[in-house]
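Student: Below are the sequence and a predicted model for it; my questions follow.
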Amino acid sequence: MYVDTSVLVKLYIEEPDSAGCDATISEATLVSSQLLYCEFRSALLGKESRGIIPASLRAEAWSEFERDITSQRLCLVPLDDMLVRDAANLLNELHPNVPLRTLDALHLATYLCIEAGPIFTKDKRMLQAAKWLGLPVAV
């Protein structure tokens, strides 16, 4: 199952819909773009900076995230020139119907180059884009 940062954060940090996200992914192997590595770090640091989580929970979540990568429970697909070009083409294809952002386009381009099952996202624009493209989505 392909996940983006909007879901991944809920898997490591307790949020109102974390239990639903856990149930949706069940025991699936998770796949995402390598850009998730930086996005997840940014999300954790942002939560810490805003006082939502303490530094100890940020560090614990990061360690668990890295363990999941090492154990291949979470597989990250490397970015390359072709994916960047594909993402730019998706921006064009979806314009003006879906105001897709750069990182969402990169996630979608990554998804389209692999077989990972449905896309699981809580990001409204990315979900709209996936539906517009006729991609399978998890809810």
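Tutor: Alright, I've got the coordinates.

Student: from here on, contacts and neighbour counts on C-alpha atoms
Tutor: Fine.

Student: got the contact list for stretch 87-103?
Tutor: 105-106, 108-109, 125-126, 128-129, 132 (Cα atoms under 8 Å, 6 or more residues apart in numbering).

Student: can you rerun that using 7 Å?
Tutor: Outside stretch 87-103, the residues that touch it by Cα atoms under 7 Å, 6 or more residues apart in numbering are 105-106, 109, 125-126, 128-129.

Student: now stretch 31-50
Tutor: Taking Cα under 7 Å, 6+ apart as the rule, stretch 31-50 contacts 1-5, 9, 53-55, 58, 74-79, 107, 110, 116.

Student: Return the distance of residue 53 relative to residue 96.
Tutor: Using Cα to Cα, to the nearest Å, we find residue 53 at a distance of 37 Å from residue 96.

Student: higher neighbour count, these two?
Tutor: residue 53 (16 against 9; other Cα atoms under 10 Å).

Student: right, and the secondary structure at the more buried one would be what?
Tutor: Here residue 53 is recorded as coil under DSSP: H, G, I helix; E, B strand; the rest coil.

Student: ok, now which ones touch it?
Tutor: So residue 53 contacts residue 47 (Cα under 7 Å, 6+ apart).

Student: repeat that for 10 Å
Tutor: 13-14, 44-47 (Cα atoms under 10 Å, 6 or more residues apart in numbering).

Student: Quick check: phi and psi on residue 101?
Tutor: phi -90, psi 160 (degrees, to the nearest 10).

Student: Which residue ranges of this structure form strands?
Tutor: 2-3, 30-33, 74-77, 119-120 (DSSP state E).

Student: Just send those back as JSON lines, with distance to residue 40 too.
Tutor: Formatted as JSON lines, these follow (distance: least, Cα to Cα, whole Å):
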{"stretch": "strand 2-3", "distance to residue 40": "12"}
{"stretch": "strand 30-33", "distance to residue 40": "11"}
{"stretch": "strand 74-77", "distance to residue 40": "12"}
{"stretch": "strand 119-120", "distance to residue 40": "15"}
